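Colleague: Predicted structure and sequence below. I'll ask about it afterward.
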Amino acid sequence: MPRIRHYFVAAILCCAGVLAPLIALGASPLTLGDVINRALKFAPAAELAAAQRDLNAAKLLETRAPLYPTIFANADYNQSPGYDQVITNRGLTMGQLALGYTAYDGGRRAAQARAARYASQAAVLGLNAARSQIIFDATVAYFDLMHERELETELRANLGRLTRYTAIVESLERSGRAIANDVLKIRAVRDSAELTLASTDEAAAHASLVLGSMIGEFDNSDLRVVENSRLPTPPTGDTRGNPAVKAAERQVQSARLLMEAARAERSPTFKIALTSGWEGVDPPKTFGHHLGASYDGALFVPIFQGGLVRSHIDEALAGRNAAIAQQRQIELELKRDLADALNHYRSANRRLEILARSQSTANDAFALDWTRFLGGGNVTLLEVTDAYQLAENLRLGRFDAEFAVRQAAAQAEFVSGATR
């Protein structure tokens, strides 16, 4: 039995040794959908916008309340011994149910309620705008990490190729078919490639940390994403669907209605009040004999308030003008950003076409120079390495252009208000 127990423990340790590297590699590569969903749940900007939406919804209920009658109960018991009963009537006992209603105020309450409704709609659209911003930031960070990982893969393959070429040149030197300067040259190119790979590893780690900070993984510098060679289709649309534009439109409507509400302060206000209950001096007699009701109507006509109404109107007018200017500013910026994104998309696609056409030529040029060098032809290793670097730069340029295409498409989608 002890021997069996030892075998069992050894098996567990062996399995742990096999699984540890797999666990260290982390979970499966992240997809774009995973990143967006996690970013939307983690980012505080969405929670802040949601809180603002709830606040505006509460304010909407607050501004609607004066449109309805108010019903309240009140009770009072008071005794005033020693005072002149002509003034105090000696005491007061009262228990009433009261109803109050503002029948007319020039439309001020209705305008305020409609303004609050537009402000509430703007807050909902503000939440959509915050979500769109989070999606855009997460998408660009995802594509940036994908771009850096692709560069890593290519530069690691490049280092492997140069290591093999270095071994070949060193072998040629030993056989007398290459000189020491050729060996130094190819080693310098290989070392430069290794340095470039190290820099790219650092950039990839930084991109991983940036993406991780959006999804709650702040210390993970080795995130992996699903690489996708498919490029997005040409972006279409305009800025009218952007939630920021729609929110600005609602803010303008709200500001205009607030100006109407301010102007309505000049109008007369007519209020109605109804009461029903008991009112008397002493409680026994009051609740036994003095049940009754009352009604009251009051008209208030503003004549002079020291410029208060005028100031409210001027404030509302300034707020409306500011909202209109803000709307125009948002529209101009988004139209500029959309035009810029479309231009970047077209330019990056043209670069991809040129790179695809030039890559085969550069590869053939290097292959010819390398073959001539190996065959003892009239070509120097400097010319060979120049041809190789040109071909390699074109390969790296393709990844840069693909990232530019994806980034431009994401920006156009964000500006046009498209949702996932």
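Modeller: That came through fine. For clarity, every value in this text was computed on a predicted model and none was experimentally measured.

Colleague: Could you give the separation of the longest strand anywhere in the chain from the chain centroid?
Modeller: The single longest strand within the chain, with elements called by DSSP state E, is strand 91-104. Centroid displacement of strand 91-104 relative to its chain, using Cα atoms, centre = their mean, to the nearest Å, is 51 Å.

Colleague: do the same with stretch 353-366
Modeller: 40 Å.

Colleague: How about residues contacting stretch 105-125?
Modeller: Here stretch 105-125 makes contact (Cβ atoms under 8 Å, 6 or more residues apart in numbering) with 49, 52-53, 55-57, 59-60, 62-64, 66-67, 102, 243-244, 246-248, 250-251, 253-255, 257-258, 260-261, 264-270. (C-beta placed from N, C-alpha, C; glycine too.)

Colleague: If we use 7 Å, what do you get?
Modeller: 52-53, 56-57, 59-60, 63-64, 66-67, 243, 246-247, 250-251, 253-254, 257-258, 260-261, 264-265, 267, 269 (Cβ atoms under 7 Å, 6 or more residues apart in numbering).

Colleague: Sort out for me which of those are in strands.
Modeller: Counted as lying in strands by DSSP E, out of the contacts of stretch 105-125, are T269.

Colleague: hmm, which of the contacts of stretch 105-125 are the buried ones?
Modeller: With burial judged by 16 or more other Cβ atoms under 10 Å, the buried subset of the contacts of stretch 105-125 is 52-53, 56-57, 59-60, 63-64, 66, 243, 246-247, 250-251, 253-254, 257-258, 260-261, 264-265, 269.

Colleague: tell me the pLDDT at the closest residue to I135 other than its chain neighbours?
Modeller: Distance criterion Cβ to Cβ, 6 or more residues apart in numbering; nearest residue to I135, sequence neighbours excluded, is I36 at 5.4 Å. The score at I36 is 93. That number is its pLDDT.

Colleague: correct me, but I36 touches D137?
Modeller: No. Using Cβ atoms under 7 Å, I36 is not in contact with D137; the gap is 10.0 Å.

Colleague: on contacts alone, who are the packing partners of whatever helix or strand D400 lives in?
Modeller: Following DSSP states H and E, the helix or strand that holds D400 is helix 381-416. With contacts taken as 3 or more Cβ pairs under 7 Å, 6 or more residues apart in numbering; DSSP states H and E, helix 381-416 sits against helix 108-174, helix 180-215, helix 308-374.

Colleague: and G277, which of these is closest to it?
Modeller: Of all the helices and strands packed on helix 381-416, it is helix 108-174 that lies closest to G277, at 27.7 Å by Cβ to Cβ.

Colleague: check contacts around the nearest residue to G297 once chain neighbours are set aside.
Modeller: Leaving aside its sequence neighbours, G297 sits nearest to I272 (Cβ to Cβ, 6+ apart; 5.4 Å). Going by Cβ under 7 Å, 6+ apart, I272 touches Y101, A103, G297.

Colleague: what's the spacing between I272 and P69?
Modeller: Noted for I272: a distance of 9 Å to P69, by Cβ to Cβ, to the nearest Å.

Colleague: for G176, same thing?
Modeller: 109 Å.

Colleague: So for these two, which sits in the more crowded spot?
Modeller: P69 (13 against 7; other Cβ atoms under 10 Å).

Colleague: Do I have it right that the more buried one meets L99?
Modeller: Yes. The pair P69 / L99 is scored as a contact, 5.6 Å apart, by Cβ under 7 Å.

Colleague: could I get the helices and strands packed on helix 381-416 as a markdown table with mean pLDDT and mean neighbour count?
Modeller: Listed next are the helices and strands packed on helix 381-416 as a markdown table, based on pLDDT from 0 to 100; neighbours: other Cβ atoms under 10 Å:
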| stretch | mean pLDDT | mean neighbour count |
| --- | --- | --- |
| helix 108-174 | 94 | 20 |
| helix 180-215 | 95 | 17 |
| helix 308-374 | 94 | 15 |
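
Colleague: okay, those helices in TSV with distance to V301 next?
Modeller: Formatted as TSV, the helices and strands packed on helix 381-416 follow (distance: least, Cβ to Cβ, whole Å):
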stretch	distance to V301
helix 108-174	14
helix 180-215	60
helix 308-374	12
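
Colleague: Those helices: which one's closest to E227?
Modeller: Shortest distance between E227 and those, using Cβ to Cβ, is found for helix 108-174: 5.8 Å.
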